[in-house]
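> build me a model:
(chains A and B)
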Amino acid sequence: DTAVSQTPKYLVTQMGNDKSIKCEQNLGHDTMYWYKQDSKKFLKIMFSYNNKELIINETVPNRFSPKSPDKAHLNLHINSLELGDSAVYFCASSQTGTGTTPLHFGNGTRLTVT
Amino acid sequence: SQQGEEDPQALSIQEGENATMNCSYKTSINNLQWYRQNSGRGLVHLILIRSNEREKHSGRLRVTLDTSKKSSSLLITASRAADTASYFCATGFSGGYNKLIFGAGTRLAVHP
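Numbers count the residues shown, from 1 in each chain, chains lettered A, B, ... in the order given. Model (predicted):
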């Protein structure tokens, strides 16, 4: 069974649209994350939730809104999509949110905004 | 600004050779982690080394950490074509909730 799964794998949409990406982990971890990987492979954290509570909120446009209905799920909603939002978005989880335990990543959602 | 920076950006070797990748960082850390990313996939955790450790082994992987130089290296011995991937270092900090900060990665190509 996949430990961290995210859907969809690919997302192609037009500027101005609203889209969501879903993520689920079955590892029993307390902390979940959204990372963005740009075309140069640079990976940057966007948000982190610990047991449904937002603990890290990087400088991200407020068009991006995460939601964690329970500690096994973390979704990402993006409003008014822009060309610059094109990237691969990774969900991840870890046992704690202290930065001292390994992250487990999903396989990513490649978002293309045209 | 970016915390970890890998060197080299790209590395091309033959099967059977060793591959060494380096990571430098700027501030004090609690731990340093190495991850592998195959094309089109998520990152996979390889090894975590704590700031009070100097060396760690896992199979064909050997990681060293020099906190005085703020650097780490990942050595893959007897490389295989299946080791072809991007390798990232990530630094972790102690105290409260913290984020791992990733470098830009080293792209390793192992040719049969």
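> contacts only, for the residue of chain B positioned farthest from its centre.
The centre of chain B is farthest from one residue, B:G96, which by CA atoms, centre = their mean lies 24.3 Å away. Taking CB atoms under 8 Å, 6 or more residues apart in numbering or on different chains as the contact definition, B:G96 lies against A:T98. C-beta coordinates here come from the backbone N, C-alpha and C atoms, glycine included.
> repeat that for the one 4 residues further on.
Contact partners of B:L100, counting by CB under 8 Å, 6+ apart, are A:45, A:99, A:103, B:33, B:90-92.
> secondary structure element holding the closest residue to it other than its chain neighbours?
On the basis of CB to CB, 6 or more residues apart in numbering or on different chains, the spatially nearest residue to B:L100 that is not a chain neighbour turns out to be B:A90, at 4.3 Å. In this structure, B:A90 is located in strand B:85-92 according to DSSP states H and E.
> what's that strand packed up against?
In terms of contact count using 3 or more CB pairs under 8 Å, 6 or more residues apart in numbering or on different chains; DSSP states H and E, strand B:85-92 is assigned the packing partners strand B:5-7, strand B:31-37, strand B:71-76, strand B:101-102, strand B:106-111.
> give me the contacts around that strand.
Counting by CB under 8 Å, 6+ apart, residues outside strand B:85-92 touching it are A:41, A:43, A:98-100, A:103, B:3-4, B:6, B:21, B:23, B:25, B:27, B:29-39, B:43, B:46, B:72, B:74, B:98, B:100-108.
> which of those residues count as buried?
If you count burial by 16 or more other CB atoms under 10 Å in any protein chain shown, the buried members of those come out as A:41, A:43, A:98-100, A:103, B:3-4, B:6, B:21, B:23, B:25, B:29-37, B:43, B:46, B:72, B:74, B:98, B:100-108.
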